[in-house]
Each structure stands twice: as C-alpha cells, then as structure tokens.
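Student: Curious how this folds, go ahead:
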Amino acid sequence: MRWTLTCWLLGTVWLSSCKDHAPSPAEIADHGWHAHDLVITAGEGAKSCAEAAIAMQGVFVAHRGDFEAAFDLDRDKARLQEATDFLEAHQDRYGDLETRMEALQDRCANDTAVQAVFHQMATP
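Tutor: Next comes the predicted model:
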C-alpha cells in the first residue's frame, strides 16, 4: 500500500510540474512538424479529395495551437534560430514530409477545400 501511495504521489508531482514547463523553441517546432504530419497522414488516408479535406480540416482544428505556436516563432529571431538548429539536427524525423505534402497537394490540386487546409497550415 505504501509503495502504491508513494508512486501515486510522485506521479502527481511529476505531472503537475509538467504543466509549468513552457515548451522550448525546439519542442514547439517539433510539435508543429508533427501536426503537419498528422494533417497530411489524414489526407493521404482518405479515398477521395473531398474526404481528404474533411479529415485534414478536423486534424488541423485539433492541432491549431501547434501550428500557431510554430508560426509565432518567426517573430523572435533567437527562438527561431534555436528551432531551426533543432530541425536541422533532426531532419530525418520529418524528411519525407515535404514530398508527401507536395504529392497530396498535386493529387488534390483542383479541390478548393484541400487547398484551403494547406493555406490554413501556412497561415494559422
């Protein structure tokens, strides 16, 4: 019983300390790229461009904060440099993302709803 209580208390303290942690520029950039990956994956998994637009929009809305935070990095050159350094050091994590984005954008070039989601990702 004592061990369970100790683990629970330590877990609670650890979780509460996570809430006070402001994400670093590297974490913000990583979350932004991960959000891009999720949106593109949703579009790729759809059977049609119309379905892709709906799926992509849903994921974009769920992760809008990650897009906005990454976009906000552009306003602070020092934070942007830290994020850029991180992305360059970890480019293998999302190396094919740009290629996948271009392929989906080309596949659904005539679908205005899909193109609107791409626009939202670029300017949240």
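Student: Quickly find the element holding the closest residue to Ser24 other than its chain neighbours.
Tutor: Closest residue in space to Ser24, ignoring its immediate chain neighbours: Glu82 at 7.1 Å, by CB to CB, 6 or more residues apart in numbering. C-beta coordinates here come from the backbone N, C-alpha and C atoms, glycine included. If you go by DSSP states H and E, Glu82 is part of helix 77-89.
Student: What strand or helix carries the residue nearest to Ala42 when sequence neighbours are not counted?
Tutor: Closest residue in space to Ala42, ignoring its immediate chain neighbours: Ala55 at 4.0 Å, by CB to CB, 6+ apart. Per DSSP H and E, Ala55 falls inside helix 49-62.
Student: outside of that helix, which residues touch it?
Tutor: Contact with helix 49-62 is made by 35, 38-40, 42-46, 67, 104, 107-108, 110-111, 113-114, 116-117, 120-121, as judged by CB atoms under 8 Å, 6 or more residues apart in numbering.
Student: Kindly recompute the last result at 6 Å.
Tutor: Outside helix 49-62, the residues that touch it by CB atoms under 6 Å, 6 or more residues apart in numbering are Leu38, Val39, Ala42, Gly43, Ala46, Cys108, Asp111, Ala113, Val114, Val117, Gln120.
Student: And stretch 24-42, by the same measure?
Tutor: Under CB under 6 Å, 6+ apart, the answer for stretch 24-42 is 55-56, 59-60, 63, 66-67, 69-70, 73, 79, 82-83, 86-87, 94, 97, 100-101, 104.
Student: Centre of the chain to the helix holding Ala55, how far?
Tutor: The chain centre lies 14 Å from the centre of helix 49-62; the measure is CA atoms, centre = their mean, to the nearest Å.
Student: got the buried residues for that helix?
Tutor: For helix 49-62, a neighbour-count test (16 or more other CB atoms under 10 Å) marks Cys49, Ala52, Ala53, Ile54, Ala55, Met56, Gln57, Val59, Phe60 as buried.
Student: The helix or strand following it - contacts with which helices or strands?
Tutor: Once the chain leaves helix 49-62, the next helix or strand it forms, by DSSP H and E, is helix 64-72. Counting contacts by 3 or more CB pairs under 6 Å, 6 or more residues apart in numbering; DSSP states H and E, helix 64-72 packs against helix 25-44.
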